[in-house]
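Engineer: Sequence first, then the predicted structure, then my questions.
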Amino acid sequence: MSRMFWFAVGAGSGVYAIVKSRRAAERFTPAGITDQVAALGHGVRLFGAEVHEGMAEHETQLRSRLEVSHADGSERRAIPTAPDRAAQRRGGS
């Protein structure tokens, strides 16, 4: 029984090593390198889209917090300067 077990372990590890080595060798072929570069480019585009989406969301939050309209400027309210804000905190006008 022990010999069959070790034979199966050896055969399984041999198959595993062959599969891993073939995949590694395929990664370094021109087609494999092209696929890796394409995947990297796709990842960079996705990351850029996520960053852009986060920036737009954050800008919307800031604009709503400051009550400033978007680029057209139609509903723009004057943003208080530092002395005005300090006066408002103290209860001044």
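Structural biologist: Thanks, I have it.
Engineer: pLDDT of the helix or strand in which V19 is found, averaged?
Structural biologist: Here V19, judged by DSSP states H and E, is contained in helix 2-27. Across helix 2-27, pLDDT averages out at 95.
Engineer: tell me what that helix is packed against?
Structural biologist: Helix 2-27 is packed against helix 30-66, with contacts defined by 3 or more C-beta pairs under 8 Å, 6 or more residues apart in numbering; DSSP states H and E. Quick note: C-beta positions are derived from backbone N, CA and C, even for glycine.
Engineer: Go again with 6 Å.
Structural biologist: Using 3 or more C-beta pairs under 6 Å, 6 or more residues apart in numbering; DSSP states H and E as the contact test, no helix or strand touches helix 2-27.
Engineer: tilt between that helix and helix 30-66?
Structural biologist: 70 degrees (axes from the mean of the first three to the mean of the last three C-alpha atoms, to 10 degrees).
Engineer: let's number from 266 now, not from 1
Structural biologist: Will do, 266 is the new start, and the previous item becomes helix 267-292.
Engineer: quick one: helix 267-292 to chain centroid distance?
Structural biologist: Distance of helix 267-292 from its chain centroid, counting by C-alpha atoms, centre = their mean, to the nearest Å, is 36 Å.
Engineer: what's the answer for stretch 305-323, then?
Structural biologist: Put simply, stretch 305-323 sits 6 Å off its chain's centre (C-alpha atoms, centre = their mean).
Engineer: Buried residues, that stretch. List them.
Structural biologist: Residues of stretch 305-323 classed as buried by neighbour count (16 or more other C-beta atoms under 10 Å): none.
Engineer: And T294, its phi and psi?
Structural biologist: phi -80, psi 160 (degrees, to the nearest 10).
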